[in-house]
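Colleague: Show me how the following folds:
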Amino acid sequence: MKRVILESPFAGDVARNLHYLRACLRDSLLRGESPLASHGLYTQPGVLRDDVPAERDAGIEAGFAWRPFANATVVYTDLGISGGMQRGIDDAKRIARLRGEEPTIEYRQLGEGWDRASEPHDFEGDGCDCERCGEGRQFYLHTDREESP
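Modeller: Numbering: from 1, shown residues only. The predicted structure follows:
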């Protein structure tokens, strides 16, 4: 399985950017990849605060520590490239230079409708019985996108 580090925006409109990140994670997983998105993990409540510069930097550096073990960096660009994303791109290039290789950076877009690609269906209920979920299955993410990349 291909290990990838995802780059997508976080700061700014955090709610929208986390919604986008979930859609990016879904896209990557459906491509058969094993994605890591440290900005979605380390910024969870009670972990690190993105609005505290020292904690933001600690989270970024912790994410960078995984890059040598990744097969590629995947940059999702529907919302543009943020400063944090650029730092990730630059780090991928730095790691490749240290290895004497060309960086493996893939730029992707989810396209129109990405905001509907990761909407939870019956997230807080006892499960959904619709045809797409099956009896009692919870937390299934419905999507209108194609299932294969």
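Colleague: for whichever strand or helix holds residue 17, packing partners?
Modeller: Residue 17 belongs to helix 14-30 when assigned by DSSP states H and E. Under the contact criterion of 3 or more Cβ pairs under 8 Å, 6 or more residues apart in numbering; DSSP states H and E, helix 14-30 touches strand 2-7, strand 33-36, helix 38-41, strand 72-76. From N, CA and C alone the C-beta is placed, and that goes for glycine too.
Colleague: In TSV: these, plus distance to residue 82, mean neighbour count and mean pLDDT.
Modeller: As requested, the helices and strands packed on helix 14-30 are exported to TSV (distance: least, Cβ to Cβ, whole Å; neighbours: other Cβ atoms under 10 Å; pLDDT from 0 to 100):
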stretch	distance to residue 82	mean neighbour count	mean pLDDT
strand 2-7	9	20	97
strand 33-36	18	18	97
helix 38-41	10	20	94
strand 72-76	10	22	97
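Colleague: Generate a markdown table for those, with distance to residue 61 as supplementary columns.
Modeller: Output for these, formatted as a markdown table (distance: least, Cβ to Cβ, whole Å):
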| stretch | distance to residue 61 |
| --- | --- |
| strand 2-7 | 13 |
| strand 33-36 | 14 |
| helix 38-41 | 10 |
| strand 72-76 | 16 |
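Colleague: hang on, the earlier thing: show me which residues of the helix holding residue 17 are buried.
Modeller: Along helix 14-30, these residues count as buried under the neighbour rule (16 or more other Cβ atoms under 10 Å): 17-28.
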